[in-house]
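Trainee: what's the 3D shape of this:
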Amino acid sequence: MMASTANEQESTTKDETVEEVGGRKLPQCQPCSKNNRSTVAQLYCNDCKEFQCSACSAQHQTFALLSGHAIVDWKLKDPEEKTVNMFGFDKCLEHGNPVTIFCEDHEVFCCPTCGFSGHRLCEKAKQIKEFSVNVTEFQERLKDCNAKASLFIKSINEIGNAEIIKVNEKAETLQAELIQKISRDLTEALKEIQTLADALKSSKEEEMTKVSNIKGDLELWRNSLNAASEQGSHDQCFILCKSLKQKSSEYNEFLNNQSYDTIPISANAECHQVIETFVKGDEKLVKLLQDNVATGSEVFEEKSMTTRESFEKCSTDTVENIDDNQREQTVHLTSMAISAFTKMEKRLFSGIDFLPDGRLLVVDNKQNTCFLLDENCKVLGNKLSFFNKNSSSFDVCVYRGNRAVVTSVNYLYFLQIYPQNSIRLIQKVNALSYYFSITSFNHSMFLCSTYIDDNGPVRVVDLEGNETRFIDIGFPDIKYGLGESFSTYISIPGIIVLTDKHNNKVHLFHILTGWSKTVEDDRFQWPTTACVAPDGTVFVSCEKNNVIVRISLVGEVLQVLKISFKPKAVRISRDGKLAVAGIEGEHCKIHLYQLDYR
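Mentor: Residues are numbered from 1 along each chain as shown. Prediction:
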């Protein structure tokens, strides 16, 4: 037991305490620590203010100077004494001695040396202990000064706080209103994304089923081969490998043709307005249309110049100076590129449209496919085939950036076009009518021309295939056949353009006022497709005489472009590039032009 205690006392450690078995911490002997020894202390000297072991504490018996120190068990040590910071006031500045005298005559503290030499004749120089002191009163004075200092600091720190609070209150109100709006928009966006996702998954159900079955076969084959390899014979392995080779090749080819990229879905939660507000149109045009409803079409002919002036890019000087002979001249265009498809298979480019980045999306009616072209008419990526063999694809409309919709008899194919030049089918919708042409009506609806239809030549169709008919518009009472009529839409001021191929007419209908006009001109020879230019004018392709005719929104012929082939589809980009697809002999062609209205 004695040896164990001695070992404990002589053990060295860098810790200030020693752990006992029970987990209790004991103090170290501080004098031993100074000699790099670790010894458990049993005593505490209240005068030395340190823990000591028995050996070190015995020095108090050896030296008379230490004999009067209070030695107690370390557990009975005095509580920690509070030290008073005197800030050096208790020391004589001249001699460094403790001050014991205060001279009230000179308001100065003195040590005995200073008091004897400099203040012995002062009447009010006395020992400090002879003066009375009111600590409470002085504490109150310090407290009052401290309060004033705090008040000043607070006043400085609060500069601008009141204004900030008012602005924050207003901001919180506006933020709450904005959050409500964002929440509504977010709910609509999420709902639309979910709808599109469900439709996309549904469109891939057939492929999913086939791939799942393939996966099941592959798992069975692999397990059988593993078993034959581990436990079977050479003949069994050979028979399985040879027998499954052809089928596995077919599966592999099918899987290679599948897309393994996650198809992104983006949604726009804007309100689905069927018709744009009429007040967004030009004021002069509004008055002009109202006057026409009251007095007849003659007013339109008299004021056509005023209408043209309402569009800044309509090139009014060119229109004013044209006579009948000059009207036959072609508008100044620069051919940028030509792409001729000379392969033997039959082709018919029945629909084209520009993507925002300048790429061109083309629909091939004969091959029932669509593909991409760059600005030089070079084919990009792989084509997308529409799998409905009993149907043909007709026209295409790009919307919401890199999305597009293709008409195909009584189907609408919704596509996603990626920057990497791939095209994916994201949704297939059953249409309620037979659609030929398609163009944008608003952010979430399309204007489609119909054929073999008793209920009118145009419809407004939404993303789900729901239709809206124009009941109050006096469309021609004609049941058009396939390719005999084409429609487009001038969003501002809200005019539908409808071509009539075999009657050589172009009809204009305002959807809100009921105004309409039929344009007849010798240069309209089998007018078919039409598109709206960035300035609001309309380009109409004419198959019989191979021209593109540009007309104003009131039906006046502005310019004529003669081309060398039969035009089948036209589209204009936002930056003024005109794309014309058509047929020359047995070949399909696509020409790109940069418009110049000089």
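Trainee: shaky segments in the chain?
Mentor: The model of the chain has pLDDT under 70 over residues 1-24, 65, 78-83, 182, 185-186, 189, 203, 259-345, 387-390, 596-598.
Trainee: quick check: most distant residue from the centroid of it.
Mentor: Distance from the centre of the chain peaks at Leu121, with 90.7 Å (Cα atoms, centre = their mean).
Trainee: assign that one to helix, strand or coil.
Mentor: coil (DSSP: H, G, I helix; E, B strand; the rest coil).
Trainee: nearest residue to Gln59 in space, please, no chain neighbours.
Mentor: Spatially, and ignoring its direct neighbours in sequence, Gln59 is nearest to Leu66 (6.4 Å; Cβ to Cβ, 6 or more residues apart in numbering). For every residue, glycine as well, the C-beta is placed using N, CA and C.
Trainee: picking up where we left off before, could you measure from the residue farthest from the centre of the chain over to Asp105?
Mentor: Distance, Leu121 to Asp105, using Cβ to Cβ, to the nearest Å: 9 Å.
Trainee: and the helices in the stretch 101-250 of the chain?
Mentor: Using DSSP state H, counting those that start in this stretch, the helices found in the stretch 101-250 of the chain span residues 112-118, 135-157, 161-203, 205-230, 234-256.
Trainee: contact partners of the first one?
Mentor: By that I understand helix 112-118. The contact list for helix 112-118 (Cβ atoms under 8 Å, 6 or more residues apart in numbering) reads 92, 94-95, 97, 100-101, 103, 110, 125.
Trainee: switch the cut-off to 10 Å
Mentor: 92-95, 97-103, 106, 108-110, 122, 125-127 (Cβ atoms under 10 Å, 6 or more residues apart in numbering).
Trainee: hmm, back to that, the residue nearest to Gln59 contacts Gln52, doesn't it?
Mentor: No: contact criterion Cβ atoms under 10 Å: Leu66 and Gln52 do not qualify, at 11.0 Å.
Trainee: still on that earlier bit, what about the residue nearest to Gln59, neighbour count?
Mentor: Taking other Cβ atoms under 10 Å as the criterion, the count of residues near Leu66 is 15.
Trainee: the chain should start at 532 in everything you say after this.
Mentor: Sounds good: first residue 532 from here, last item Leu597.
Trainee: Ser1022 - how many residues pack around it?
Mentor: Under the neighbour criterion other Cβ under 10 Å, Ser1022 is assigned a count of 17.
Trainee: can you check Tyr949 too?
Mentor: Residues within reach of Tyr949, counting by other Cβ under 10 Å, total 14.
Trainee: gap between it and Val910?
Mentor: Going from Tyr949 to Val910 by Cβ to Cβ gives 16 Å.
Trainee: could you do Ser780 as well?
Mentor: Distance, Ser780 to Val910, using Cβ to Cβ: 29 Å.
Trainee: again with Asn952
Mentor: In terms of Cβ to Cβ, Asn952 sits 9 Å off from Val910.
Trainee: so what sits against both of these two?
Mentor: Shared contacts of Asn952 and Val910, defined by Cβ under 10 Å, 6+ apart, are found at 902-903.
Trainee: one step back: so which of the helices of the stretch 632-781 of the chain is nearest Asn1076?
Mentor: helix 692-734 (42.5 Å; Cβ to Cβ).
Trainee: off-centre distance for the closest one?
Mentor: 14 Å (Cα atoms, centre = their mean, to the nearest Å).
Trainee: mean neighbour count added to the helices of the stretch 632-781 of the chain, as CSV?
Mentor: Below are the helices of the stretch 632-781 of the chain laid out as CSV (neighbours: other Cβ atoms under 10 Å):
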stretch, mean neighbour count
helix 643-649, 15
helix 666-688, 10
helix 692-734, 12
helix 736-761, 12
helix 765-787, 12
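Trainee: got a markdown table for these, with distance to Val1088 too?
Mentor: Formatted as a markdown table, these follow (distance: least, Cβ to Cβ, whole Å):
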| stretch | distance to Val1088 |
| --- | --- |
| helix 643-649 | 118 |
| helix 666-688 | 76 |
| helix 692-734 | 42 |
| helix 736-761 | 50 |
| helix 765-787 | 53 |
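Trainee: which residues of the stretch 882-1031 of the chain fall in strands?
Mentor: For the stretch 882-1031 of the chain, applying DSSP state E, counting those that start in this stretch gives strands covering 891-895, 900-904, 910-916, 927-930, 934-948, 954-971, 976-981, 989-993, 998-999, 1018-1021, 1026-1031.
Trainee: got those as JSON lines, with distance to Gln559 and mean neighbour count columns?
Mentor: Shown next, in JSON lines, are those (distance: least, Cβ to Cβ, whole Å; neighbours: other Cβ atoms under 10 Å):
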{"stretch": "strand 891-895", "distance to Gln559": "86", "mean neighbour count": "25"}
{"stretch": "strand 900-904", "distance to Gln559": "83", "mean neighbour count": "20"}
{"stretch": "strand 910-916", "distance to Gln559": "80", "mean neighbour count": "15"}
{"stretch": "strand 927-930", "distance to Gln559": "83", "mean neighbour count": "22"}
{"stretch": "strand 934-948", "distance to Gln559": "76", "mean neighbour count": "21"}
{"stretch": "strand 954-971", "distance to Gln559": "77", "mean neighbour count": "20"}
{"stretch": "strand 976-981", "distance to Gln559": "87", "mean neighbour count": "25"}
{"stretch": "strand 989-993", "distance to Gln559": "85", "mean neighbour count": "22"}
{"stretch": "strand 998-999", "distance to Gln559": "92", "mean neighbour count": "14"}
{"stretch": "strand 1018-1021", "distance to Gln559": "94", "mean neighbour count": "22"}
{"stretch": "strand 1026-1031", "distance to Gln559": "99", "mean neighbour count": "26"}
